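Participant: Task: produce atomic coordinates for the following.
(chains A and B)
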Amino acid sequence: GENVEQHPSTLSVQEGDSAVIKCTYSDSASNYFPWYKQELGKRPQLIIDIRSNVGEKKDQRIAVTLNKTAKHFSLHITETQPEDSAVYFCAASNPQRRDKIIFGKGTRLHILP
Amino acid sequence: NAGVTQTPKFQVLKTGQSMTLQCAQDMNHNSMYWYRQDPGMGLRLIYYSASEGTTDKGEVPNGYNVSRLNKREFSLRLESAAPSQTSVYFCASSDLLASGELFFGEGSRLTVL
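Facilitator: Numbers count the residues shown, from 1 in each chain, chains lettered A, B, ... in the order given. Predicted coordinates for the structure are as follows:
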């Protein structure tokens, strides 16, 4: 089955700097790679996703890159702001198989003033 | 739209007691999921239902049972609760073929004494 590894588990960056979170996956059939943000005491919510037919996707200050050959994908947050402080989860799946959706263990991002 | 609704939000049980967590979605999604969230362990899949009438084990199914009552509802039952089942439980739903995005409920915090 799918296995998703996420690093680092904790990340602290100065406000205004960039943050990068990396994930690797094991199942070469996975073709959908979402990122979820979970603020303290709240439910996880999708912030960006990428499918295997593209290598990069951007949405304002966040971007995701995918390297299918190496089976890894990354979340990039630029010009970090205090509201970016949260736990971020990556996941990998193949929606067409209607299979389980497996998450990484999460990264707690702290934005330092 | 309410989205995904879970009940109860909080519950305290004694070891050996049983209980059922209820989940309902009003988005006409085919797929539903139960995850548990523990510190440092991320979101671990307990059971999922790819479509009405089917259920499958996830990463950590032991000690749990599920019922996909109809397209809207997916319940999680603890037959004999153990302290190791103290956790925050999230129900989620998805229309996999449309987007793959998971929509989460607010979570249920369960404490087993």
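
Participant: distance of B:Ser84 from B:Arg36?
Facilitator: Look at B:Ser84 and B:Arg36: by CB to CB, to the nearest Å, they are 10 Å apart. Glycine gets a C-beta too; all of them are placed from N, C-alpha and C.

Participant: Between the two, which has more neighbouring residues?
Facilitator: Per other CB atoms under 10 Å in any protein chain shown, whichever of B:Ser84 and B:Arg36 has more neighbours is B:Arg36, with 24 against 10.

Participant: Next, work out how far apart the more buried one and chain A are.
Facilitator: 11 Å (CB to the nearest CB, to the nearest Å).

Participant: just B:Glu73 next, same as before
Facilitator: B:Glu73 is 18 Å from chain A, by CB to the nearest CB.

Participant: Report how many residues lie close to that residue.
Facilitator: B:Glu73 has 16 nearby residues by other CB under 10 Å.

Participant: quick one: contacts for it?
Facilitator: B:Gln22, B:Cys23, B:Ala24 (CB atoms under 8 Å, 6 or more residues apart in numbering or on different chains).

Participant: Break down chain B into its strands, ranges please.
Facilitator: B:4-7, B:10-13, B:19-25, B:31-38, B:42-49, B:56-57, B:64-68, B:74-78, B:87-94, B:103-104, B:108-112 (DSSP state E).

Participant: and of those, who's closest to A:Phe103?
Facilitator: strand B:42-49 (4.3 Å; CB to CB).

Participant: avg pLDDT for the closest one?
Facilitator: Computed over strand B:42-49, the mean pLDDT rounds to 94.

Participant: helices or strands up against that strand?
Facilitator: strand A:102-103, strand B:31-38, strand B:56-57, strand B:64-68, strand B:74-78 (3 or more CB pairs under 8 Å, 6 or more residues apart in numbering or on different chains; DSSP states H and E).

Participant: Please produce CSV containing the strands of chain B, extended by distance to A:Lys22.
Facilitator: Listed next are the strands of chain B as CSV, based on distance: least, CB to CB, whole Å:
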stretch, distance to A:Lys22
strand B:4-7, 29
strand B:10-13, 35
strand B:19-25, 32
strand B:31-38, 21
strand B:42-49, 15
strand B:56-57, 29
strand B:64-68, 31
strand B:74-78, 32
strand B:87-94, 24
strand B:103-104, 23
strand B:108-112, 30
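
Participant: which stretch among these comes nearest A:Thr80?
Facilitator: The nearest among the strands of chain B, by CB to CB, is strand B:42-49 at 21.9 Å.

Participant: So what are the sheet partners of that closest one and their directions?
Facilitator: strand B:31-38 (antiparallel), strand B:56-57 (antiparallel) (DSSP bridges).

Participant: would you list the contacts of B:Glu73 in CSV and tack on neighbour count?
Facilitator: Shown next, in CSV, are the contacts of B:Glu73 (neighbours: other CB atoms under 10 Å in any protein chain shown):
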residue, neighbour count
B:Gln22, 16
B:Cys23, 25
B:Ala24, 20
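
Participant: Name the nearest of those residues relative to B:Ala92.
Facilitator: B:Cys23 (8.6 Å).
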